[in-house]
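# Sharing a sequence plus its predicted fold:
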Amino acid sequence: MSSLGFLRPLGQTWTALAVVLFAISLLTLVAQSWLAARAFLITAGTLGFAGGLIWSATSGMKLTARATEASAYVLSLWAITPLFLIIPFVILTPGMSYLEALFEAYSAFTTTGAILRAPENVPDTVIFWRCLLSFLGGYLTLLTAAGILAAFDKAGLELRKSILLTVSKENIFSNLHVAARRIAFIYCGLTAVGFLCLLATRLPAFEALCLAFSAISTGGYTVSSGALDGQVNGYAIVILAAITFIGASNIAYLRNLVSRHEIRLDMEPLAMIAAIAGLAILFFLGTAHEAGAHHVITDAIFVVTTTGFTASNSAGHVPLAAVLAAMIGGAVASTAGGLKISRLVILARTTLAELARMAHPSGIVSVKFHGRTADSPAMLALWATVLGYIGLVAIGVVLLALTGEPFEGAWSAAATAIANAGPLHDQLSPDHAWADLEPVSLGITVVLMVLGRLEVLAGLAAIAAIFRRF
């Protein structure tokens, strides 16, 4: 029965999500949004029923959970959960098909932020649902990164390992509830601070809440179309940039900063700042100095963190640089998408080390990250992740092109989908927006979103492990 060890934590996760959605539906009832409350209650009921049924069916079993079961849990969480979350989209949005609802649900839950209908064309309850799903997806991203995927970092660099969780070899899920509690405290606390700061800029409470949810999860949802400078004031844009940067930072680093008051220089935030500075310079040059310094800097932050907000659409002037920056992404164990900047830092250090070996063949040169030496298996896994990421983007472009999408639109859609930076696609390819994609193309991009949220290699490894076991 060990092969079914992932079912109990999956059922527990669905039950916990159902409880949260039930509480949200009660608040919606208080706000007298009857149709939305009904949609949220149905969603909570179906998710809770499925989760409770699985939980009760496995409660009497003594199960072990190792790498294969962890792979099955992570894959099931991201691939199946959004199927329950389409209900409010169908009920609350007149004329929305089930395929469109599926795309919206997967996009929101994976914090990709791609939309098929503009905010002006959907009710406020759908805008809230998008932002809420993005917020919940961001939390589960942190939980799976720090509590599940960390178990695969058995040796070498251990990019995701942190003090948030001690993983048992016999049961990877044994201490998951500890990580869940610690991450929830940090994540919800930072969201509350961001919400209050946005309120202080005189934003309406609804807009401040939606933007806070969307920013901390790097989902990129807004309550109206267009650039932020036409929606909110400059202070709110700066606050949103700060929230997205925090959301794209390593959760273990944030915990040390918040709980232990440990202020230390870390390579990941420094590398993110360097990437933001370089991209901001390109934006400034690409806009022919028309955009102000504060706009190009905030736009660069929104791209590097894969949020997809824009203050003045600077990314549209330098599309290739923007897409590449989003594909690199933020820190590991964060809500940001992309390949993760720490991997690029390690590869850069490896290149310098190889050059040093060429100059001094008899010398001993090693590559270190966070005090750990990169051994051969770790570097092999790192290169496999990078090559797998690039390969999937290429496959995505080819598949989208075969469905009739032009190369420009196919490249932008594939890259931003796998980087979980959906709003960026509409900025870079307004003539080939998400809403213009064919149904088959929407299905392809959904797969890319899920694999991107699984950091590609973990997703492929999960699929391979499941097929080997079952």
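Looks like it came in fine. Note that the coordinates shown come from a computational prediction; the quantities given were computed from them, not determined experimentally.
# Show me which residues of the helix or strand containing residue 70 are buried.
Counting by DSSP states H and E, the element that carries residue 70 is helix 67-84. By 16 or more other Cβ atoms under 10 Å, the buried positions in helix 67-84 come out as 67-79, 81-82, 84. Just so you know, the C-beta spots here come from the backbone N, C-alpha and C atoms, and that holds for glycine as well.
# list the buried ones in the helix ranked longest in the chain?
Criterion DSSP state H: the longest helix present in the chain is helix 376-402. By neighbour count with 16+ other Cβ under 10 Å, helix 376-402 contains the buried residues 378-379, 381-382, 385-386, 388-389, 392-393, 396-397, 399-401.
# now that helix: mean pLDDT?
For helix 376-402, mean pLDDT is 85.
# now the angle between helix 376-402 and the following helix or strand past it, please.
Under the assignment DSSP H and E, the closest C-terminal helix or strand after helix 376-402 is helix 407-418. In terms of direction (axes from the mean of the first three to the mean of the last three Cα atoms, to 10 degrees), helix 407-418 departs from helix 376-402 by 140 degrees.
# packing partners for helix 407-418?
Contacts defined by 3 or more Cβ pairs under 8 Å, 6 or more residues apart in numbering; DSSP states H and E place helix 407-418 against helix 319-328, helix 376-402, helix 422-428, helix 439-453.
# Looking at those, which is nearest to residue 130?
helix 422-428 (10.9 Å; Cβ to Cβ).
# tell me the mean pLDDT over that closest one?
93.
# any chance of the helices and strands packed on helix 407-418 in CSV, plus distance to residue 120?
Formatted as CSV, these follow (distance: least, Cβ to Cβ, whole Å):
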stretch, distance to residue 120
helix 319-328, 25
helix 376-402, 27
helix 422-428, 14
helix 439-453, 21
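# out of those, which comes closest to residue 293?
Nearest of those (Cβ to Cβ): helix 319-328, 17.4 Å.
# Contacts made by the closest one with the rest, please.
Helix 319-328 is contacted from outside by 275, 279, 282, 286, 300, 303-304, 306, 315-316, 337-341, 344, 389, 393, 411-412, 415-416, 418-419, 421, 424, 427-428, using Cβ atoms under 8 Å, 6 or more residues apart in numbering.
# Pull up the distance across stretch 218-225, start to finish.
Using Cα to Cα, to the nearest Å, the end-to-end distance of stretch 218-225 comes to 17 Å.
# one step back: helices or strands next to the helix holding residue 70 in the packing?
Secondary-structure packing of helix 67-84 (3+ Cβ pairs under 8 Å, 6+ apart): helix 7-30, helix 34-58, helix 98-109, helix 124-147, helix 439-453, helix 457-469.
# Can you list the neighbours in contact with the second one?
The contact list for helix 34-58 (Cβ under 8 Å, 6+ apart) reads 4, 7-8, 10-19, 21-22, 24-26, 28-29, 81, 84-85, 87-88, 91-92, 123, 125, 128-129.
# picking up where we left off before, how far away from the center of its chain is the longest helix of the chain?
How far helix 376-402 lies from its chain's middle: 18 Å, per Cα atoms, centre = their mean, to the nearest Å.
# Would you agree residue 249 falls within a helix?
No - counting by DSSP: H, G, I helix; E, B strand; the rest coil, residue 249 is not found in a helix; it is coil.
# which stretches of the stretch 201-350 of the chain form strands?
For the stretch 201-350 of the chain, strands defined by DSSP state E, counting those that start in this stretch do not occur.
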